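1. Predicted model and sequence below, questions to follow.
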Amino acid sequence: MTDGVQRAPDAAGTAAAPAAQPAAVQAAAAHGSHAGDAVLSVFRGDAKGGAEVEYRVPVEPGMVVLDAIHWIQAHQAPDLAVRWNCKAAKCGSCSAEVNGKPALMCKSRLEHFPPGKPISVRPMKTFPVIRDLVTDVSWNYEINRKIRPFAPRPGAEWRWQQHDIDRAQEFRKCIECFLCQDVCHVLRTHELKHQFAGPRFFVRIAGLEMHPIDGADRSEFLRDQAGLGLWNITKCCTEECPEQIHITDNAIIPLKERVVDRFYDPVMKLWRMVIGRE
Ligand code: SF4
Ligand code: FES
């Protein structure tokens with residue numbers, strides 16, 4: 001290969017040279033493809049390494065990247081590994097990096113990409129690759145297990161207002177796609193998984209901490225184990241969230257304020273002494 005990109009193998013399993021017509025193109029031609037086809041450059045490989053392989057896919061109106069991946073599986077590469085479930089942007093399974101941007105493949109319409117240029121589809125960078133587009137996201141579930149669950153105050157009663165519902169519902173919209181974790185530079189660039197829980201779990205903790213009848217205090221966890229102090233205000237996570245959760249403004253900043261009040265504000269410390277709460 002001279003261009004660093006492989007072309008899909010032909011029916012006999014032989015990789016076609018870039019100079020010759022790629023087998024994927026021939027396969028697409030057999031399925032009635034034309035100049036409006038899309039070329040997807042899909043990562044093929046595993047934890048040991050891999051490379052992008054180009055596939056030409058006939059485009060139908062309304063087609064999304066996940067449809068194109070399914071077409072490739074059906075016609076050219078049945079062993080192409082991809083995780084998906086709902087194809088409705090609700091299960092959070094089909095997260096990947098499309099043209100270098102974290103995205104749900106089932107929400108990425110082909111018509112939104114520049115025509116005539118290959119669309120790169122790669123696994124999320126922040127998590128270890130298992131195979132092709134599938135990554136190992138189990139670290140997230142380990143973090144989740146460390147978070148103190150909902151703990152209602154004994155005998156607590158609350159007259160619910162609409163704004164209480166709205167606030168809780170925003171955090172509950174999370175589909176655990178982990179795109180916010182993927183884009184977060186603390187995890188993605190600095191690889192501080194051992195010190196930092198990531199935006200997804202600040203959203204979860206915010207939902208618990210701001211619940212009107214929850215009585216647990218998670219501020220020590222936020223400071224010492226979740227690494228809230230490593231966060232800064234880049235808002236990349238908020239920009240990528242497919243559920244439009246205001247991760248930065250509504251979850252992380254209020255949690256930061258709680259931690260500051262709890263550990264660093266002398267007036268609040270005095271107040272807690274007066275009311276007999278440490
Ligand atoms: S907060 Fe948004 S981006 Fe992060 S996991 Fe939940 S839905 Fe995905
Ligand atoms: S397949 Fe469920 S979110 Fe994409």
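-> Sure thing, it's come through. Predicted, not measured: the structure shown is a model, and the values here were computed from it. Ligands and ions are numbered 1, 2, ... in the order given.
2. Pretty sure Ile233 sits against Asp249.
-> No - the pair Ile233 / Asp249 is not scored as a contact, 9.5 Å apart, by Cβ atoms under 8 Å. In short, each C-beta sits where N, CA and C put it, glycine included.
3. between those two, who's got more neighbours?
-> Asp249 (12 against 9; other Cβ atoms under 10 Å).
4. how near is the more buried one to Gly100?
-> 26 Å (Cβ to Cβ, to the nearest Å).
5. same thing with Ser120?
-> For Ser120, the distance to Gly100 - Cβ to Cβ - is 7 Å.
6. quick one, which of the two is more surrounded?
-> Ser120 (20 against 9).
7. OK, contacts around that one?
-> 40-41, 52, 97-100 (Cβ atoms under 8 Å, 6 or more residues apart in numbering).
8. mind listing the helices for the stretch 151-278 of the chain?
-> Using DSSP state H, counting those that start in this stretch, the helices of the stretch 151-278 of the chain run over 162-172, 179-183, 185-188, 199-209, 219-224, 236-240, 253-263, 266-275.
9. Relative to Gly92, tell me which of those helices wins on proximity.
-> Across the helices of the stretch 151-278 of the chain, Gly92 has its closest neighbour in helix 179-183 (8.4 Å, Cβ to Cβ).
10. Convert the closest one to CSV, retaining C-alpha atoms only.
-> Output of helix 179-183 as CSV, limited to C-alpha atoms (Å, rounded to 0.1, in the frame of the first residue of the first chain):
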residue,chain,number,x,y,z
LEU,A,179,-19.0,10.0,24.0
CYS,A,180,-18.4,12.6,26.7
GLN,A,181,-15.8,10.3,28.3
ASP,A,182,-14.2,9.7,24.9
VAL,A,183,-13.8,13.4,24.1
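11. so where is the protein shaky, pLDDT-wise?
-> Counting by pLDDT under 70, the chain shows low-confidence ranges at 1-35, 276-278.
12. Okay, domains of it per the record?
-> 6-133, 138-275 (automatic domain parsing).
13. Which parts of the protein are strands?
-> 6-7, 38-46, 49-57, 95-98, 101-104, 119-122, 129-131, 134-135 (DSSP state E).
14. who's in contact with the fourth one?
-> For strand 95-98, the surrounding residues in contact (Cβ under 8 Å, 6+ apart) are 65, 102-105, 108, 113, 119-125, 133, 177-179, 182.
15. and ligand 1, which of the residues you listed contact it?
-> Subset of those in contact with ligand 1: 177-179, counting by Cβ under 6 Å from any ligand atom.
16. Now these in JSON lines, please, with extra columns for distance to Val186.
-> Below are those laid out as JSON lines (distance: Cβ to Cβ, whole Å):
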{"residue": "Cys177", "distance to Val186": "18"}
{"residue": "Phe178", "distance to Val186": "14"}
{"residue": "Leu179", "distance to Val186": "15"}
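17. what about the strands of the chain, which gets the closest to ligand 2?
-> strand 101-104 (4.7 Å; Cβ to the nearest ligand atom).
18. Show me the contact partners of the closest one.
-> 65, 89, 92, 94-97, 124, 177, 179, 182-183, 240, 242.
19. And for Leu133, nearest residue in space, chain neighbours not counted?
-> Val82 (4.6 Å; Cβ to Cβ, 6 or more residues apart in numbering).
20. Kindly tell me how buried that neighbour is, as a neighbour count.
-> 20.
21. Contact partners for it?
-> 66, 69, 73, 94, 105, 132-134.
22. Could you pick out which of those are also in contact with ligand 2?
-> Cys94.
23. Using ChimeraX, define a selection of the buried residues within the contacts of Val82.
-> To isolate the buried members of the contacts of Val82 in ChimeraX, using 16 or more other Cβ atoms under 10 Å:
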select :66,69,94,105,132,133,134
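24. quick check, nearest of the contacts of Val82 to Trp271?
-> For those, the nearest to Trp271 is Cys94 (48.1 Å; Cβ to Cβ).
25. For the closest one, give me its contacts.
-> 66, 82-85, 87, 104-106.
26. So which of these are in helices?
-> Leu66 (DSSP state H).
27. For ligand 2, tell me whether stretch 137-157 is touching it.
-> No - judged by Cβ under 6 Å from any ligand atom, stretch 137-157 stays clear of ligand 2, getting no closer than 13.3 Å.
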